[in-house]
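1. need a structure here:
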Amino acid sequence: MNRYRFCILFLVSLFVAANDGAFGASASREISREEVLAKVNGEPITVGRFYDFIKEERATTKMVAPRGKTKDEILHELLRQALVQQRKAALDLDSDSGFVMSRTLHMRDFLLDYMYQKDVVEKTEVTEQEVKEHYEKYNDVDFLIPEKVQVRDLLIRVVVDSTQKDFKKRSKQADKETLRKIKELRQRAISGEDFAELCRQYSQAGTTDASANLGFIQRGQYSPEFDSAAFSLKENHQISKPVRDSRGYHLIQLLDRKEKSYQPLDSTLFEGIRGYLKNQKMQKSTNEHIDSLKNSVGLVYNWEVLNSPDLLSYDRNTWVLAFGETDTVRLGLYEDALPGYKYNMGRDSLTEEDKKVLLFNYFALPVILEKEARKKGYGDLVEYQAEERAFTLEEADRRISAERIQQNFPPSSRQEIEKYYLAHKIDFPPLGVPLHVYHMVFDDSLKAVEVLKQIQAGADFVKLAQEHFPGDSEIKDVVYDLGFISQGEMPEEFYQTALKLKEGEVSQPVRTQWGFHLIKLVEKKDQETTLEDLTPQIQRAINLEKGRRQIAEWEENLFTQSKVWINQNLLKRLTLPKPEG
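-> You can find the predicted model right below:
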C-alpha cells in the first residue's frame with residue numbers, strides 16, 4: 001500500500017513539474033514592453049521603444065518591415081539614432097555666447113509675434129454692418145466697373161515730311177487732303193459699304209484685328225478727342241464724324257456698349273473688405289499702443305553724442321538712448337544700424353526725428369514689448385518652451401550635419417573623374433557624337449564584301465540587312481537599326497568607323513568580336529559630348545559618394561567610441577509586428 005501510494009505521489013509530482021515547466025515556458029514567451037533590449041552609454045532601449053520605432057518608420061516611409069530590413073538592422077538604426085541624439089545633447093549650446101544671443105533674439109521675435117496674434121489679431125473684429133457701410137461709401141471709388149464701348153477705328157494718318165521746306169504750309173495741305181479722304185470713306189460707309197471691309201483696306205490704326213476692332217475700351221485708354229467721340233455714339237453700328245487727334249483722322253464705329261456697373265458684394269469681395277478693415281483697425285490700435293509706450297517709458301536721448309560730426313571719437317559703449325528704469329542703447333549698435341537705415345530711407349544724413357525713429361523702433365521698442373509680453377505670462381507658456389527647444393534642436397542638427405560631412409571637397413583629378421565615369425556609365429550621357437546607324441554582320445569578310453558590292457551597285461541596304469539576318473525572323477525588320485549610338489555603346493572600332501562616314505555612306509567591312517559589319521550612317525548630330533562636358537555632373541556625384549562615406553565613418557566612430565550592449569537572447573525571441581491594415 002505504501003509502495004502504491006509512493007508511486008501515485010511520484011507520478012503526480014512528475015505531472016506538476018511538467019505543467020510547471022509548460023506554464024513557465026508559456027510565460028517566458030510573453031515579452032514586456034518594459035524589458036531592456038539594449039543600452040547605449042547606459043541609456044536603456046526598451047522593447048516598447050523598439051516597436052514604436054518600427055511603427056514610426058512605417059508611418060514615414062510607408063514600408064513594411066521597413067522593407068527588407070532584419071531585426072538586427074532595425075535595432076542598429078535605432079541605436080544610431082540614440083547615439084546621434086546623445087551627441088546633440090553633449091554639444092552644450094548654452095555655453096556658446098553667440099548661439100545664446102541668436103536664440104534670445106529669435107525668442108524675442110517669437111514672443112512679440114505671439115502677443116500680436118493674441119492681443120491684436122484675435123481681438124480685432126469687423127462686423128457685417130461695417131463691411132456693408134464701407135461698400136456703400138466707396139462704391140463709386142473702389143468697386144465701380146466703368147462704362148465700356150466696343151468700337152472699330154478707321155484711322156488715316158496725316159503724313160508730312162518735316163525735313164522739307166514750307167513745313168507749315170505742306171502740313172495744312174496734308175491735313176486738308178487727309179480730311180477729304182476720311183470724309184469720302186465716311187460717305188461710302190453711310191451709303192452702305194461694309195465699314196469693316198473699309199477698315200481692312202484703309203485703316204492705319206495698326207490693330208491686331210484686320211477689321212480694326214479695338215475690343216472693349218474704357219475712358220483714358222485713347223486720346224480725349226477719341227474718347228469723346230466714341231462714348232457719345234448712341235446706337236450700334238453708328239459711325240462718328242471725322243475726329244482729329246495727334247495720330248490723324250478717325251472714323252469710329254460703335255459695335256457694343258457696357259454701361260457702368262458695380263462689383264457685387266459676394267462672399268469673395270465681402271471677405272476682402274473685411275480683411276482690409278481688420279488690417280486698418282489693427283494698424284490703428286498698434287500705433288496708438290506704441291504712442292502710449294513712448295509716453296510711459298521716459299525716453300532720454302544723448303544728443304551730445306548723436307549730433308556729433310565725429311562718432312568715432314566716442315567709445316562704442318557710450319549710451320545714446322536711455323528708457324525705462326535701467327535700459328540703454330549703446331553707440332555701437334546705433335553705428336552698426338546707421339548705413340542700412342540711411343540706405344532704406346534714401347538719405348545721406350538724418351534729422352533728429354529720423355534718429356529718434358531709428359533708436360526707438362529698432363532698439364527700444366522690441367525690449368519694451370518683450371517685457372510687456374513676459375509680464376502677461378506669454379514667456380511661461382508651453383508654446384514658448386516648445387519653440388525654444390525647436391530652435392535649439394535645429395542648431396544642434398546643423399552642427400551635427402557639419403560634423404558628419406565636409407561641405408567643400410577638393411576637385412577630383414582627371415584620373416578619378418575617368419575612373420568614376422567608367423564605373424557608372426549608365427548614370428551619365430554617353431561620350432562622343434551621337435550617330436544614327438544601320439548595320440548588318442557576317443561571319444566572314446568575303447560575304448561582307450560581296451553584299452557591299454551589291455549595295456554599291458544600287459541594292460537597298462535595309463532589304464539586304466533583313467535578308468541576311470541570321471536570327472529570329474520576328475525581329476529582322478528592326479534589328480538592323482541601332483538608333484543613335486555614342487562612344488562606348490559599341491566597340492571602339494565600330495564607332496570610329498561610323499564617325500568617319502558621311503550621311504548615307506556605307507563602310508567597308510569592320511571586324512569586331514561579333515564578326516564583320518557593314519555600317520551605314522543615317523544621321524550625325526552636331527553636338528559632341530566630351531568628358532569635360534560631363535565633369536561638373538561627375539564631380540557632384542563623386543562628392544555625394546564621398547559625403548555618404550564620411551557620414552558612415554562618422555556614425556561608425558560613434559559606435560566604436562560608445563558603450564553599446566545588446567540583449568541577444570531577447571532580440572532572437574522578438575518577432576517583427578505585422579503591418580497595420
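2. got the buried residues for stretch 558-576?
-> Neighbour-count burial for stretch 558-576, counted by 16 or more other C-beta atoms under 10 Å, picks out Leu558, Ser562, Val564, Ile566, Asn567, Leu574. Quick note: C-beta positions are derived from backbone N, CA and C, even for glycine.
3. in the helix or strand hosting Ala498, what counts as buried?
-> Using DSSP states H and E, Ala498 maps to helix 492-500. For helix 492-500, the neighbour count (16+ other C-beta under 10 Å) marks Phe494, Tyr495, Thr497, Ala498 as buried.
4. same for it, what does it pack against?
-> Using 3 or more C-beta pairs under 8 Å, 6 or more residues apart in numbering; DSSP states H and E as the contact criterion, the neighbours of helix 492-500 among helices and strands are strand 431-442, strand 481-487, strand 510-512, strand 515-524.
5. The ones you listed into CSV, with extra columns for distance to Thr46, mean neighbour count and mean pLDDT?
-> Conversion of the helices and strands packed on helix 492-500 to CSV gives the following (distance: least, C-beta to C-beta, whole Å; neighbours: other C-beta atoms under 10 Å; pLDDT from 0 to 100):
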stretch, distance to Thr46, mean neighbour count, mean pLDDT
strand 431-442, 56, 20, 90
strand 481-487, 57, 16, 86
strand 510-512, 64, 16, 94
strand 515-524, 67, 20, 94
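6. Let me have these in JSON lines, adding distance to Gly42 as columns.
-> Formatted as JSON lines, the helices and strands packed on helix 492-500 follow (distance: least, C-beta to C-beta, whole Å):
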{"stretch": "strand 431-442", "distance to Gly42": "56"}
{"stretch": "strand 481-487", "distance to Gly42": "59"}
{"stretch": "strand 510-512", "distance to Gly42": "66"}
{"stretch": "strand 515-524", "distance to Gly42": "70"}
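7. picking up where we left off before, now, the most widely separated pair of the buried residues of helix 492-500?
-> Using C-beta to C-beta, the buried residues of helix 492-500 span at most 7.4 Å, a distance reached by Tyr495 and Thr497.
8. do you know how far Thr530 is from Pro429?
-> 11 Å (C-beta to C-beta, to the nearest Å).
9. any chance you could map the helices in the stretch 301-450 of the chain?
-> Along the stretch 301-450 of the chain, counting by DSSP state H, counting those that start in this stretch, helices occupy 303-306, 331-345, 352-359, 365-375, 382-404, 414-423, 445-456.
10. Please spell out which residues along the strand or helix carrying Thr535 are buried.
-> Using DSSP H and E, Thr535 maps to helix 531-560. Buried residues in helix 531-560, counted by 16+ other C-beta under 10 Å: Leu534, Thr535, Ile538, Gln539, Ala541, Ile542, Asn543, Leu558.
11. and if you look at stretch 331-341?
-> Leu331, Leu333, Tyr334, Tyr341.
12. for those residues, which one is nearest Gly248?
-> Distances from Gly248 to the buried residues of stretch 331-341, taken by C-beta to C-beta, are shortest for Tyr341, at 53.4 Å.
13. ok, now which ones touch the closest one?
-> Neighbour list for Tyr341: Leu350, Asp354, Leu358, Tyr362 [criterion: C-beta atoms under 8 Å, 6 or more residues apart in numbering].
14. Distance check, the second one against Leu306.
-> Separation of Asp354 from Leu306 (C-beta to C-beta) stands at 11 Å.
15. of the two, who's got more company?
-> Leu306 (18 against 14; other C-beta atoms under 10 Å).
16. Domain-wise, how is this protein divided?
-> According to automatic domain parsing, the chain comprises the domains 1-30, 100-123+297-404, 147-259, 430-528.
17. Out of those, the one nearest Glu136 is which?
-> domain 147-259 (19.8 Å).
18. As JSON lines, the domains of the chain with distance to Lys137 would be great.
-> JSON lines is the format used below for these (distance: least, C-beta to C-beta, whole Å):
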{"stretch": "domain 1-30", "distance to Lys137": "76"}
{"stretch": "domain 100-123+297-404", "distance to Lys137": "25"}
{"stretch": "domain 147-259", "distance to Lys137": "22"}
{"stretch": "domain 430-528", "distance to Lys137": "66"}
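19. which residues touch Pro430?
-> Ile485, Ser486, Gln487, Gly488, Glu489, Thr529.
20. Recalculate using a threshold of 6 Å.
-> By C-beta atoms under 6 Å, 6 or more residues apart in numbering, the contact set of Pro430 is Ser486, Gly488, Glu489.
21. Take those residues and write them to a markdown table, including distance to Arg244.
-> A markdown table is the format used below for the contacts of Pro430 (distance: C-beta to C-beta, whole Å):
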| residue | distance to Arg244 |
| --- | --- |
| Ser486 | 69 |
| Gly488 | 75 |
| Glu489 | 73 |
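22. Please identify which of those is nearest to Lys88.
-> Distances from Lys88 to these, taken by C-beta to C-beta, are shortest for Gly488, at 46.6 Å.
23. Return, as residue ranges, the portions of the stretch 351-500 of the chain with sub-threshold pLDDT.
-> Low-confidence segments of the stretch 351-500 of the chain (pLDDT under 70): 407, 472-474.
24. tell me which residues in stretch 88-98 are buried?
-> Lys88, Leu91, Leu93.
25. what about it, average pLDDT?
-> The average pLDDT for stretch 88-98 rounds to 91.
26. Can you point out the buried residues in stretch 261-269?
-> Buried residues in stretch 261-269 (16+ other C-beta under 10 Å): none.
27. how much space between the residue lying closest to Asp427 once chain neighbours are set aside and Asp533?
-> Once flanking residues are discounted, Asp427 sits nearest to Ala541: 6.9 Å by C-beta to C-beta, 6 or more residues apart in numbering. From Ala541 across to Asp533, the span is 14 Å (C-beta to C-beta).
28. Quick one: end-to-end length of stretch 340-351, please.
-> Taking C-alpha to C-alpha, to the nearest Å, stretch 340-351 runs 16 Å from one end to the other.
29. Could you do stretch 160-173 as well?
-> 9 Å.
30. ok, now which ones touch Ile566?
-> Ala38.
31. Quickly note the distance from the closest residue to Ile551 other than its chain neighbours to Arg80.
-> Of all residues not flanking Ile551 in the chain, Arg404 sits nearest, at 4.9 Å (C-beta to C-beta, 6+ apart). Applying C-beta to C-beta, the value for Arg404 to Arg80 is 12 Å.
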